[in-house]
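Kindly return the folded structure for what I paste below:
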Amino acid sequence: MERKRLSGMNCNIARSLDEVGEWWSLLIVRQCMIGTTRFDEFQRNLGISRNVLTTRLDRLVSLGILERFQLQDRANTSGYRLTAKGRGLDPVLNALLEWGYRWVAPDGTPKLENLDEASLEAMNEAANQFWADLGLSDVLAGPVDNASRAAVMGVEQILKSG
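Numbering: from 1, shown residues only. All right, here's what the predicted structure looks like:
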């Protein structure tokens, strides 16, 4: 069954939901924001079927939210990354995250687990690429250390909660 299109409504919320309102789409964007680029990584991290993932990735590319790029380590294989339009969804995801902390998580706060060094390194790499893509790599303060782990604990929770 074809879902109802909201693009003709005179409401920016409705038109925005028409593009990214399906939950897999926002979860795919979230994965891109934390550094996921490859089809198999999206599938593994989200537990999404291949056909649904293919459909959602194609739609996000056609909307200009994601773009395909050639992976250097794999011949004839494309990856996916956010465009400026896709990166513009960052405040939306942060607002949903904050709302979830307040209204959905037990007792108002999620249970956070310690990050291992590999997770910290992966997040640093994704953050560096994100800021470099924005042309703001000179604002980076440096890698995350033990003193600033609390600032990135939410990202690990997002990865685990799916």
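
The protein: strands as residue ranges?
In the chain, the strands defined using DSSP state E lie at 66-70, 78-82.

can you tell me which of those comes nearest to T37?
Checking the strands of the chain against T37 by C-beta to C-beta gives strand 78-82 as the closest, at 3.8 Å. Placement of C-beta: from N, CA and C, glycine included.

Count the residues that sit near S49.
For S49, the neighbour count with other C-beta atoms under 10 Å is 11.

Which of the strands of the chain sits closest to R56?
Nearest of those to R56, taken as C-beta to C-beta: strand 66-70 at 9.5 Å.

What ranges in this structure fall below the confidence cut-off?
Scanning the chain for pLDDT under 70 picks out 1-9, 19, 106-124, 126-162.

rewinding a little: I'd like the strands of the chain as JSON lines, with distance to I34 and mean neighbour count appended.
Below are the strands of the chain laid out as JSON lines (distance: least, C-beta to C-beta, whole Å; neighbours: other C-beta atoms under 10 Å):
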{"stretch": "strand 66-70", "distance to I34": "14", "mean neighbour count": "15"}
{"stretch": "strand 78-82", "distance to I34": "11", "mean neighbour count": "19"}
